[in-house]
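Peer 1: Structure here, sequence nowhere to be found:
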Ligand code: SF4
């Protein structure tokens, strides 16, 4: 297991769970039923809760959705969150029945356009505080505050998201409301990584909810999300996560199972992208393996690499062992030494330089030779 370091975020209680401040990273999901169909929504909230969801989000887009909440609340022990859409005043109707309110800074402009956004946020924060609710400031690449967009170059999608999130944190803090988390979501995992890294650098104290929007169907949707989470969680960033998948309604708990699998893999060093855990010791990572593995010997090899390299444990060197030629060649570029496995040979790399392809039974001595050189060169 890798000792995952975590950012020193504030503790934020959401119903019966707490995120931040070193608490376990909570997996979240969302119901996909019609909220007014109370029986179906309760059944799905319970299925997600049973799968281990720390928080279950319910879509509330109208007064009739809001009117269904008391019955839903009565039917499930899940911690419930809702999204406030354009109509932020709906907060008053929903807050008594849920544990968390999420608002999107980019949505506060539509209703009452002459009223300053600060007043609207103050209203939501007051409602949250008086109903024992946590909050999430949910910034989304597709709906960024237009006033922020104007201030950045057209091709800079990260600057406006970041500025908007930071501005809202500042306001909430000044109002004395600190029981909130922030999310910065995009459909491009690379942007998710960058925007969350930059936010965490500016506000290491604010808990982050991680997610990649419109990730799509499994397995691709899970892979996209996994890569973003690997790069963030390995660096201590992230207190709660959602894996958004396009799956049939009955399969929604798959989102929780996927999130839990990704979190367990990151903690065990089973990663698809080369991850720097910020360690000052040897970092051996191997991909979690999937149907693309062409030679089962990969699994055994990953184990042998771990054992053989144990002598180098005090050196800050990253060795990556990847299971296939689809992902292996690209993903090993960032490792000090990389191995990617083909059907009959294992390819050895030193960062992006190729050192050759070797039969499975000849790779370990070759790796040892290169590792010794690397250690010698650093001495
Ligand atoms: S490196 Fe290849 S085998 Fe390993 S998880 Fe990625 S795609 Fe699958």
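Peer 2: Arrived safely. Here the structure is a predicted model, which is why all the values come from computation and not from measurement. Numbers count the residues shown, from 1 in each chain.
Peer 1: In this structure residue 348 contacts residue 368, no?
Peer 2: No: Residue 348 lies out of contact with residue 368 (CB atoms under 8 Å); the separation is 11.1 Å. All C-beta spots, glycine's among them, are computed from the backbone N, C-alpha and C.
Peer 1: quick one: which of the two has more around it?
Peer 2: Each of residue 348 and residue 368 has its neighbours counted (other CB atoms under 10 Å); residue 348 has more, 21 against 15.
Peer 1: so is the more buried one in a helix, a strand, or just coil?
Peer 2: strand (DSSP: H, G, I helix; E, B strand; the rest coil).
Peer 1: show me what contacts it?
Peer 2: Remark: with contacts taken as CB atoms under 8 Å, 6 or more residues apart in numbering, residue 348 is in contact with 337, 338, 339, 354, 355, 356, 357, 358, 363, 366, 367, 370.
Peer 1: all strands for the stretch 51-200 of the chain, in order.
Peer 2: 55-58, 80-84, 100-103, 134-140, 180-185 (DSSP state E, counting those that start in this stretch).
Peer 1: Name the residues that touch the first one?
Peer 2: Contacts of strand 55-58 from elsewhere in the structure, counted by CB under 8 Å, 6+ apart, are 14-15, 17, 26, 28-31, 35, 41, 45, 48-49, 69, 72, 76, 78-83, 98-100, 102, 240.
Peer 1: what about the stretch 201-350 of the chain, any weak spots by pLDDT?
Peer 2: Counting by pLDDT under 70, the stretch 201-350 of the chain contains no low-confidence range.
Peer 1: Near the ligand, which residues of it? Just list them.
Peer 2: Contact residues, the stretch 201-350 of the chain versus the ligand (CB under 6 Å from any ligand atom): 272, 287-290, 292-293, 322-324, 326-328.
Peer 1: rewinding a little: mark which of the contacts of residue 348 are buried, thanks.
Peer 2: The neighbour count (16 or more other CB atoms under 10 Å) marks 337, 338, 339, 355, 358, 363, 367, 370 as buried among these.
Peer 1: so of those, which ones are in strands?
Peer 2: Counted as lying in strands by DSSP state E, out of those, are 337, 338, 339, 355, 358.
Peer 1: For the fourth one, list the residues it contacts.
Peer 2: For residue 355, the contacting residues are 348, 349, 366, 370, taking CB under 8 Å, 6+ apart as the criterion.
Peer 1: ok, now the second one?
Peer 2: Under the criterion of CB under 8 Å, 6+ apart, the contact list for residue 338 reads 274, 319, 320, 321, 322, 328, 331, 332, 348, 349, 350, 351.
Peer 1: Excluding chain neighbours, what is closest to it?
Peer 2: residue 332 (2.7 Å; CB to CB, 6 or more residues apart in numbering).
Peer 1: same check, this time on residue 259
Peer 2: residue 27 (3.7 Å).
Peer 1: Tell me if that neighbour really is in a helix.
Peer 2: No: under three-state DSSP, residue 27 falls outside any helix and is assigned strand.
Peer 1: Let's see the pLDDT reported for it.
Peer 2: Looking at residue 27, its pLDDT reads 98.
Peer 1: Same question for the one 4 residues further on.
Peer 2: Per-residue confidence at residue 31 stands at 94 (pLDDT).
Peer 1: At which residues are the helices of the stretch 151-300 of the chain located?
Peer 2: Along the stretch 151-300 of the chain, the stretches classed as helices by DSSP state H, counting those that start in this stretch are 158-174, 189-202, 220-233, 253-268, 297-308.
Peer 1: will you turn the ones you listed into JSON lines that also has mean neighbour count?
Peer 2: What follows is the helices of the stretch 151-300 of the chain, written out as JSON lines (neighbours: other CB atoms under 10 Å):
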{"stretch": "helix 158-174", "mean neighbour count": "19"}
{"stretch": "helix 189-202", "mean neighbour count": "19"}
{"stretch": "helix 220-233", "mean neighbour count": "22"}
{"stretch": "helix 253-268", "mean neighbour count": "20"}
{"stretch": "helix 297-308", "mean neighbour count": "17"}
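Peer 1: of those, which approaches residue 7 most closely?
Peer 2: Distances from residue 7 to each of the helices of the stretch 151-300 of the chain were compared using CB to CB; the minimum, 5.9 Å, belongs to helix 189-202.
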